[in-house]
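# Quick one: sequence plus predicted model below, questions after.
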Amino acid sequence: MRYFHRQIQLWGEDTQLLLQNKKIAIIGSGGLGSSLAFALGSSGIGEIHMVDFDEVSHHNIHRQIAFKIGDEGKNKAMLNAKLIELRSPHAKAIAHECDFKEWSKKGIKVDLIIDATDNLPTRAEINIYAKEQKLPWVYGSVEAFHGQVAFIEASSFSDAFKIIQKTPEGIATPIVMHIASLQANLALRFLAGLSVKKDMLYYLFFNDEGELVTQKFGLPKN
């Protein structure tokens, strides 16, 4: 309890113990996934599944904060899982060197799925799986100086977004960390039994004057 002292000041020992029995899956272990691993890996969640088939690339390390020079060629999920357990001995982190479709066939039971992918087709697959399993999931995406976040339960991602293949624009590290932190806050509030605004899309961007603007939109229900 000393490790989680400041969190316990927020919600008490009972809630902290509740988190120890929760299980989550983070789909993608790159930019968003790395920041999510930092934010949630040391929060007291009992079991975290990191899912990614990809390896670390030199040109991505600047925005994937779990990695350092020399990690090139190593699996991203493996590195994130190791980092989680190094930072918090109270978490069990499990790496899956595969894509989401393969992970979904393993029959692993979790309380929440968090999207840290970088493509719409995989998010559509997450949406279908979540509906089949009656699971909520947290969507997040980043590009250039803008990002989107949503806690999805009754709504359907595939009804709200046109599912296409798209090459993303350039990206800077701070917006990745910002969107991941919002995802992590939604996830942690839900797992701790606190209120969460569901099926609402938050769109954040910097305008030409450098002002951070936040807009929100209701997502269509199934």
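Arrived safely.
# just checking, next helix/strand downstream of the worst-scoring helix or strand of the chain on mean pLDDT?
Across the helices and strands of the chain, mean pLDDT, DSSP states H and E gives its lowest value to helix 157-160, namely a mean of 80. Next helix or strand after helix 157-160 toward the C-terminus (DSSP states H and E): helix 173-191.
# mind showing which ranges of the chain have poor pLDDT?
162-168, 222 (pLDDT under 70).
# what about His62, how many neighbours?
Look at His62: counted by other C-beta atoms under 10 Å, it has 13 neighbours. C-beta coordinates here come from the backbone N, C-alpha and C atoms, glycine included.
# tell me the contacts of it?
Thr173 (C-beta atoms under 8 Å, 6 or more residues apart in numbering).
# now swap in Gln16 and tell me
1, 4, 7-8, 44.
# Give the PyMOL command for selecting the buried subset of the residues you listed.
Buried subset of those, written as a PyMOL selection, criterion 16 or more other C-beta atoms under 10 Å:
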select buried, resi 4+7+8+44
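# now the contacts of Gln16 as JSON lines including secondary structure and distance to Leu18?
Output for the contacts of Gln16, formatted as JSON lines (DSSP: H, G, I helix; E, B strand; the rest coil; distance: C-beta to C-beta, whole Å):
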{"residue": "Met1", "secondary structure": "coil", "distance to Leu18": "13"}
{"residue": "Phe4", "secondary structure": "coil", "distance to Leu18": "12"}
{"residue": "Gln7", "secondary structure": "helix", "distance to Leu18": "12"}
{"residue": "Ile8", "secondary structure": "helix", "distance to Leu18": "12"}
{"residue": "Gly44", "secondary structure": "coil", "distance to Leu18": "9"}
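# And the contacts of Gln16, which is closest to Ala124?
Gly44 (31.5 Å; C-beta to C-beta).
# distance of the residue nearest to the closest one when sequence neighbours are not counted from Ala192?
Spatial nearest neighbour of Gly44, excluding adjacent residues (C-beta to C-beta, 6 or more residues apart in numbering): Leu19 at 4.2 Å. If you measure Leu19 against Ala192 using C-beta to C-beta, to the nearest Å, the figure is 6 Å.
# And Ile69, by the same measure?
36 Å.
# Between those two, point out the one with more neighbours.
Ala192 (20 against 8).
# on that earlier part again, find the residues that touch each one of Leu19 and Ala192.
Contact criterion C-beta under 8 Å, 6+ apart; residues shared by Leu19 and Ala192: none found.
# for the nearest residue to His96 once chain neighbours are set aside, phi and psi?
Residue nearest to His96 in three dimensions, not counting chain neighbours: Val51, with 4.6 Å by C-beta to C-beta, 6+ apart. Torsion angles at Val51 (phi, psi; degrees, to the nearest 10) stand at phi -120, psi 120.
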